[in-house]
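Engineer: sequence plus predicted model, see below.
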Amino acid sequence: MSVDLLLNNGTIVTSAGEFKASVAVDEGKIVAIGSAASMPPAEKVLDLSGLHVLPGFVDAHVHMREPGLTYKEDFLSGTSAAAAGGVTTIFEMPNTLPLVTNEKILLEKAALLKDKAYVDFCLYGLIVEDNVNELAGMARAGAIGFKLLLAEVTGGVPRPSNGLIFESFKELAKIGLTVSVHAEDKNVTQYYTEKLKAVTKEPIAHCWARPPIAEEEGIQLLTLFAAQAGNKVHLVHTSCGVDLIRAAKAAGTKITAETCPQYLVFSEEDMRTKGAVLKINPPVRSKVLVQKLIEAVNDGTIDTIGSDHAPHSVEEKTKESIWEASSGCIGVETMVPVMLTLVNKGLIKLGRLVEMGAENPAKIFDLYPRKGAIAVGSDADFTIVDLKMEKTIKAEELHSKQKVTPFEGFRVKGLPVYTIVRGEIVAERGEILGGPKGIFVRP
Ligand code: DOR
Ligand code: ZN
């Protein structure tokens, strides 16, 4: 009896360590791990000598903009960027149009995207002021979790009141799903934005308008609410406030945190050279805070890495006034190479990256060990990388519809060679192979 695929001679990497082994795949699942001699015969064999076999990366934070904002990105282009970048599962954010605020809209979004995914996908529901009664329905429909925004972002989602947030947290404690929160609080950012708008339109003013206290205030509020409601809170795109997160974890609050490559690589100084291309919310921080963030990545305070892939048109990203430009940058295709570069620079261990990029997101959102693991019975999702290969990131080579990126010209060392989703090679050395066969995955 032969299996579909054999991965031979690679080095398997998990958070627990590295080992040389072969992996046998059949009907989309991992069926054996062991010595090459112990493997069954296979239809197809990949010789992975010199390469590292990581569990497929789970990017729990992307905005593929479909439906409603498809001039920025669509699901075909966005998921092909994911595949080319070594990401095998994405969690799509709910600030598409219509906003994903009930079961019907979520099911319609799942049906619309079903045949347009090059990688597997999950869908978030959105918490707004008047939909606490819809959360259970969205959970039934297969939502991976919920998004809550304390800031205003693309799609124009108003900030819910504190009363509603606490109510929805109590409801989520019953439902059991995680809420991912944009913690930067609008109250502070609005005040400083208005004040600065009157005197400057320089890019750096975007950072001044959204100081760390805005994010820290939000983290504090969420920690208090989560501790009392007992639900699971995941802070997305964390850029600061790591001492608060550490304290909340030590106190037993069910709080986890994501950061993104752009907060580890860039600082405020880069606003002066990159301008609105690097305008993101929360903004990039001072070098001192970047250093603190890297420490938090390594000591486990930060749990996951996500891209916050947030495409906008070239026109929207290159306005003369920083206040007019849209916030957000693409990143799903560059996340793995940029993080492998940090591994090569000695800033983070490869096993820790696997934990943050695959194991932890799968665990936090109840997909583990189907996703995020190299184990018999798990989905055969792999990000197979060459740690020695180097390249300069060029926007024009990316698969996104809108290609403007702050990583233009960034030299990376470490690239995905094969992206494998449920046993199918969906990308090889940045080239997409075959059609969109990704599926909608429920927790
Ligand atoms: O910069 C951002 N852009 N931050 C977010 O949280 C949302 C995103 C978007 O959707 O454009
Ligand atoms: Zn986002």
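Structural biologist: Received, thanks. Ligands and ions are numbered 1, 2, ... in the order given.

Engineer: which non-adjacent residue is nearest the residue of the stretch 301-443 of the chain found nearest ligand 1?
Structural biologist: Nearest residue of the stretch 301-443 of the chain to ligand 1 (C-beta to the nearest ligand atom) works out as Gly328 at 2.9 Å. In short, each C-beta sits where N, CA and C put it, glycine included. Leaving out its chain neighbours, the residue that sits closest to Gly328 by C-beta to C-beta, 6 or more residues apart in numbering is Ala310, at 2.8 Å.

Engineer: alongside ligand 1, which residues does the stretch 251-400 of the chain contribute?
Structural biologist: Residues of the stretch 251-400 of the chain lying near ligand 1 by C-beta under 6 Å from any ligand atom: Ile280, Asn281, Ala310, Ser327, Gly328.

Engineer: farthest pair in those?
Structural biologist: Greatest spacing in those, by C-beta to C-beta: Asn281 and Ala310 (8.8 Å).

Engineer: and the residue of the stretch 301-443 of the chain closest to ligand 1, what does it touch?
Structural biologist: Gly328 makes contact with His63, Val153, Thr154, Lys279, Ile280, Asn281, Asp308, Ala310, Pro311, His312, according to C-beta atoms under 8 Å, 6 or more residues apart in numbering.

Engineer: now with 7 Å, please.
Structural biologist: Contact analysis of Gly328 by C-beta atoms under 7 Å, 6 or more residues apart in numbering lists Thr154, Ile280, Ala310, His312.

Engineer: Leu113 now?
Structural biologist: Contact analysis of Leu113 by C-beta under 7 Å, 6+ apart lists Glu66, Phe75, Phe121.

Engineer: so what pLDDT did the second one get?
Structural biologist: By that I understand Phe75. Note on Phe75: pLDDT of 98.

Engineer: give the contact list for the residue lying closest to it once chain neighbours are set aside.
Structural biologist: Using C-beta to C-beta, 6+ apart and skipping the chain neighbours, the partner closest in space to Phe75 is Lys116 (4.0 Å). By C-beta under 7 Å, 6+ apart, Lys116 lies in contact with Phe75, Leu76, Pro436.

Engineer: JSON lines for those, including secondary structure, neighbour count and distance to ligand 1?
Structural biologist: Formatted as JSON lines, the contacts of Lys116 follow (DSSP: H, G, I helix; E, B strand; the rest coil; neighbours: other C-beta atoms under 10 Å; distance: C-beta to the nearest ligand atom, whole Å):
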{"residue": "Phe75", "secondary structure": "helix", "neighbour count": "26", "distance to ligand 1": "15"}
{"residue": "Leu76", "secondary structure": "helix", "neighbour count": "21", "distance to ligand 1": "19"}
{"residue": "Pro436", "secondary structure": "coil", "neighbour count": "18", "distance to ligand 1": "23"}
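
Engineer: name the nearest of those relative to Leu164.
Structural biologist: When the contacts of Lys116 are compared against Leu164 (criterion: C-beta to C-beta), the nearest one is Phe75, at 30.3 Å.

Engineer: that closest one contacts Ala117, doesn't it?
Structural biologist: Yes. The pair Phe75 / Ala117 is scored as a contact, 6.2 Å apart, by C-beta atoms under 7 Å.

Engineer: name the nearest residue to the residue most central in space within the chain, sequence neighbours excluded.
Structural biologist: Residue closest to the average C-alpha location in the chain (C-alpha atoms, centre = their mean): Gly306, at 2.6 Å. Sequence neighbours aside, His61 is the residue nearest to Gly306 in space, at 3.4 Å (criterion: C-beta to C-beta, 6+ apart).

Engineer: give me the secondary structure label for that neighbour.
Structural biologist: strand (DSSP: H, G, I helix; E, B strand; the rest coil).

Engineer: could you pull up the residues touching it?
Structural biologist: Contacts of His61 (C-beta under 7 Å, 6+ apart): Phe91, Met93, Val236, Glu258, Gly306, Ser307, Asp308.

Engineer: kind regards, and thank you for your time.
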